[in-house]
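Visitor: Sequence first, predicted coordinates after that:
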Amino acid sequence: MPKRMKVERSPNYSYYSDILWCSLPLVGMSCYFYGLRPVLLFLTALLTAYLCDCALAPLHGTGYQSHEPSSECFAALIVLMMPASISYPIVIAAVIVAVLVKEAFGGEGHYPFHPAAVGVVVAGISWPKNVFSYPVPGTQLPLFGEVNTTLVEGMNATLRDGGLPSASTMNLLTGNVSAAVGTSAALVLMACGLFLLVRGRISPLVVIPFFVFVIALPWLFPNLNELPTFSLPWEYIRQRVYLEKYIVLSGTALFGGLFLICEPVTMPDRPMSRIVYGTMLGIMTHVFRTFSPYECAVCCALLIAGAIPEWLDLISHRTERIRFMREEEQRLANAAKTE
């Protein structure tokens, strides 16, 4: 019998595996508030991603090879950014879009846009009321069928209108607020972020500029009805602090900064490029959060910034090369003077 070829794991195998492991406590927290429906949504998304990979494997000229779980990882992220009340067909459609985006550019390691972000944005534009309306915590949702319960808008809708949500800090930290499956429990998110940081899955060169601008821009330009149109940064400190609390601990800013923006394929390679990339993501996240009617500001920002990482690396490479040539010319000139 011919020997079976050993399937080599992808270089990014560990990254996707760590993201999948981190998604489990977030799904568990959602189950605490809504019952077992989030688990079934999660499993449905994973199965859909696996079947899509199997169906599209002939495009690569070989059969299905389980060398990297990127599609399953994107499917998990999509579920984490959707409400527990979302219908199964919408989840399946979003996962199919994500896998198609991945395969359209050549598969693992070649896509310019984050597939999970594309899937969420497409689903959000197609079914905004389903994707951006959330059940009240404590509501036990049915496992199957449509959810016939009260759904409310996310906290970003209140922030966009110039108001402040009423959720307490403890509820924001524990996830006892109306939000997506994996974006509400800030304490769990930060614990997962620490795990990913220790494992080397998060690049501080991207994350730090991202959060600096996500926090600094609302502080400098607060969108609050109770404040005058123009105010100095050291005025109305209490209102600004409350605003920052909801910006960081609600919505997808914290989740996106820890789970999305450091995706190894879509992130630039060079240090300076990563700083610029994180800065652009932070600025565009603030813009989309302020002016977009959708609660997926980080995903929208990723679709814009996803077009530039290779350009950033190219510019950074040429800048470093020019600097090296100038330093070499200066060294030769100094050597000539010494002689």
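Guide: That came through fine. Residues are numbered from 1 along each chain as shown.

Visitor: Put the alpha carbons of the helix or strand harbouring residue 287 into CSV.
Guide: Here residue 287 sits within helix 271-291, counting by DSSP states H and E. C-alpha atoms of helix 271-291 as CSV (Å, rounded to 0.1, in the frame of the first residue of the first chain):
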residue,chain,number,x,y,z
PRO,A,271,7.6,47.6,12.5
MET,A,272,7.0,51.1,11.1
SER,A,273,4.3,49.7,8.8
ARG,A,274,2.5,48.1,11.8
ILE,A,275,2.5,51.4,13.7
VAL,A,276,1.0,53.2,10.7
TYR,A,277,-1.5,50.4,10.2
GLY,A,278,-2.6,50.5,13.9
THR,A,279,-2.9,54.3,13.7
MET,A,280,-5.1,54.1,10.6
LEU,A,281,-7.3,51.5,12.1
GLY,A,282,-7.8,53.5,15.3
ILE,A,283,-8.7,56.7,13.3
MET,A,284,-11.1,54.9,11.0
THR,A,285,-12.7,52.9,13.8
HIS,A,286,-13.6,56.3,15.5
VAL,A,287,-15.0,57.7,12.2
PHE,A,288,-17.2,54.6,11.6
ARG,A,289,-18.3,54.5,15.2
THR,A,290,-19.3,58.1,15.1
PHE,A,291,-21.0,58.3,11.6
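
Visitor: can you list contacts of the very next helix or strand once past that helix?
Guide: Scanning forward in sequence from helix 271-291 by DSSP H and E, the next helix or strand is helix 297-305. For helix 297-305, the surrounding residues in contact (C-beta atoms under 8 Å, 6 or more residues apart in numbering) are 81, 113-114, 116-118, 120-121, 124, 156, 251-253, 255-257, 260-261, 266, 277, 280-281, 284-289, 292, 294. The C-beta positions use only the backbone N, C-alpha and C, and glycine is treated the same way.

Visitor: ok, 7 Å please
Guide: Residues from elsewhere that reach helix 297-305 (C-beta atoms under 7 Å, 6 or more residues apart in numbering): 113-114, 117-118, 120-121, 252-253, 256, 260-261, 277, 280-281, 284-285, 288-289, 292.

Visitor: Can you list the helices and strands that the helix or strand containing residue 211 packs against?
Guide: Element membership for residue 211 (DSSP H and E) is helix 204-220. Packed against helix 204-220 by the contact rule (3 or more C-beta pairs under 7 Å, 6 or more residues apart in numbering; DSSP states H and E) you find helix 237-249, helix 253-259, helix 271-291.

Visitor: returning to what we had before: and the contacts of helix 297-305, which are buried?
Guide: 113-114, 117-118, 120-121, 252-253, 256, 260-261, 277, 280-281, 284-285, 288-289 (16 or more other C-beta atoms under 10 Å).

Visitor: where along this protein do the strands fall?
Guide: Applying DSSP state E to the chain gives strands spanning 133-135, 151-153.

Visitor: Good, wrapping up.
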